[in-house]
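**Student:** Model the structure of this input:
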Amino acid sequence: MAWGNLSRMAFGGGRRHDPRPAVNPLIRVIPAFLVRFFASPYVAGDSLAKAVAVVQKCKRERGLWSTLDLLAEDIRTAEQAQQNLDTYLQMVDAAAALPLDQRPTLSLKPSSYTTSPLQLGGDAAGSFAALEQIARRAAERGVDISIDMESRHWTDFTIDALRRLHAQGLRNVGGVLQTRLHRTEKDLDALPKGMRVRLVIGIYREPAEVALTDKPAMKGRMLAFAQTLLQRGHYVEFASHDDVYVRRFLEQVVPKTGAGKDRFEVQMLYGVPRERFLADLQRQGIKARLYVPFALSWDMAIQYLRRRLDEYPAMVWLVTKNMFARR
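**Tutor:** Model (predicted):
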């Protein structure tokens, strides 16, 4: 979910057609400095050290927990995939070095570790091995991780990975489900028992035959799926900026299940202006967490945002509205 949850290709053996859609020419001509201007409130800097400083500041000044995410997409070389793996191992160590009352969780995308992505007809070679290595290191260091859910092409792979990792005893691993997909109700049955689950509507544009296109319906499913998960003993991470649905989750869903406040939390994106609402949740004793993305360079962050603007042009308006909301 970075920004969403609002995330690559080097085949050997000669040249191959790259089926990725080209970025909208209008998005491509937006100056880099302007893209950075839009992105900067939502990205915690261009280094792990800066991201960790944001995590500490959020906890120290606002009492908010964090989950760290590396913006690492469009993998084309084995060297890029290895860099992402190395960075996540460093993120595990950085998180483990913090006191327990500041320690973030980590979110990671399977497509960050392969040059053969499933959405392009690849086989995701190397991805599970990377997830397993990170999960083991994190378990040894007392750090929780979550495997983000990407486009529909990755759903089976991701759920299978979650089941395999939990079968190995790696209970520090959580997952993410997107309520827009029609298949998600059945996917609830495939989750490892008691696993942490982040519920999101999802930002990936999917065809109508496999997903809802109506946002209120997606949010309604969040409430229904959250109730099912709580009743089955899962820990629920309810990720939404919609105050109405967050309150419905807290005031209608949670009481029906009898779940205590240690069984769920509310998550929002870093930079989205919800300070008063988050403070109100905390006064009620509700655990609140920010999803904090960072990059290894602003060039990477800008490339990421261009792709998001191409997929979701309305983001320009939303970002602008959020900026005025800060004033």
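**Student:** Provide a list of residues in contact with Trp298.
**Tutor:** Taking C-beta atoms under 8 Å, 6 or more residues apart in numbering, we find Trp298 in contact with 36, 46. Any C-beta I mention is one placed from the backbone N, CA and C, and that applies to glycine too.
**Student:** repeat for Ala208
**Tutor:** So Ala208 contacts nothing (C-beta under 8 Å, 6+ apart).
**Student:** got the buried residues for stretch 58-68?
**Tutor:** By 16 or more other C-beta atoms under 10 Å, the buried positions in stretch 58-68 come out as 58-59, 64-68.
**Student:** And the contacts of that stretch?
**Tutor:** So stretch 58-68 is in contact with 51-52, 54-55, 91, 95, 101-102, 104-107, 146, 265, 267, 270, 275, 278-279, 282, 287-294, going by C-beta under 8 Å, 6+ apart.
**Student:** can you confirm Glu150 is in a strand?
**Tutor:** No: counting by DSSP: H, G, I helix; E, B strand; the rest coil, Glu150 falls outside a strand, being coil.
**Student:** unless I'm mixing things up, it is touching Pro110, no?
**Tutor:** Yes: using C-beta atoms under 8 Å, Glu150 is in contact with Pro110, at 6.9 Å.
**Student:** circling back: select from the buried residues of stretch 58-68 every entry located in strands.
**Tutor:** Among these, the members falling in strands (DSSP state E) are 65-68.
**Student:** Which of those sits closest to Ala32?
**Tutor:** Leu68 (24.4 Å; C-beta to C-beta).
**Student:** can you tell me how far that closest one sits from Val52?
**Tutor:** Using C-beta to C-beta, to the nearest Å, Leu68 is found at 8 Å from Val52.
**Student:** One more: Asp262?
**Tutor:** 26 Å.
**Student:** More neighbours: those two, which one.
**Tutor:** Between Asp262 and Val52, Val52 has the larger neighbour count (other C-beta atoms under 10 Å), namely 23 against 8.
**Student:** My reading is that that one lies in a strand. Confirm?
**Tutor:** No: counting by three-state DSSP, Val52 falls outside a strand, being helix.
**Student:** Not counting sequence-adjacent ones, nearest residue to it?
**Tutor:** Nearest non-adjacent residue to Val52, counting by C-beta to C-beta, 6 or more residues apart in numbering: Ala94, 5.4 Å away.
**Student:** mind checking which helix or strand the one you found is in?
**Tutor:** Assessed by DSSP states H and E, Ala94 sits inside helix 78-96.
**Student:** How far off centre is that helix?
**Tutor:** With C-alpha atoms, centre = their mean, to the nearest Å as the basis, helix 78-96 stands 17 Å off its chain's centre.
**Student:** Go ahead and name everything in contact with it.
**Tutor:** 10, 48, 52, 68, 70, 72, 75, 103-106, 108, 112-115, 126, 130, 133-134, 137-138, 141-143, 145, 296.
**Student:** Now, of those, which are buried?
**Tutor:** 10, 48, 52, 68, 70, 72, 75, 103-106, 108, 112-115, 126, 130, 134, 137-138, 141, 143, 145, 296.
**Student:** Okay, now the unreliable bits of the stretch 1-150 of the chain?
**Tutor:** 1-29 (pLDDT under 70).
**Student:** Can you give me the distance of Ala217 to Pro273?
**Tutor:** For Ala217 relative to Pro273 (C-beta to C-beta), the value is 26 Å.
**Student:** quick one: which of those two has more around it?
**Tutor:** Pro273 (17 against 12).
**Student:** per-residue pLDDT, that one?
**Tutor:** On pLDDT, Pro273 comes in at 82.
**Student:** Secondary structure of it: a strand, I assume?
**Tutor:** No: remark: Pro273 does not belong to a strand; assigned using three-state DSSP, it is coil.
**Student:** Report the contact partners of Gly285.
**Tutor:** If you count contacts by C-beta under 8 Å, 6+ apart, then Gly285 has Lys261 around it.
**Student:** Would you confirm that it belongs to a strand?
**Tutor:** No: using three-state DSSP, the assignment for Gly285 is coil, not a strand.
**Student:** Please report how far it lies from Trp65.
**Tutor:** From Gly285 to Trp65 the distance is 14 Å (C-beta to C-beta).
**Student:** where do the strands sit along the stretch 201-327 of the chain?
**Tutor:** 235-239, 264-269, 288-294 (DSSP state E, counting those that start in this stretch).
**Student:** so which of those strands gets nearest Arg164?
**Tutor:** strand 235-239 (19.9 Å).
**Student:** In terms of secondary structure, what does that closest one contact?
**Tutor:** strand 196-200, helix 215-231, strand 264-269 (3 or more C-beta pairs under 8 Å, 6 or more residues apart in numbering; DSSP states H and E).
**Student:** Can you tell me the strand partners of that strand and which way each runs?
**Tutor:** When sheet partners are counted by DSSP bridges, strand 235-239 sits next to strand 196-200 (parallel), strand 264-269 (parallel).
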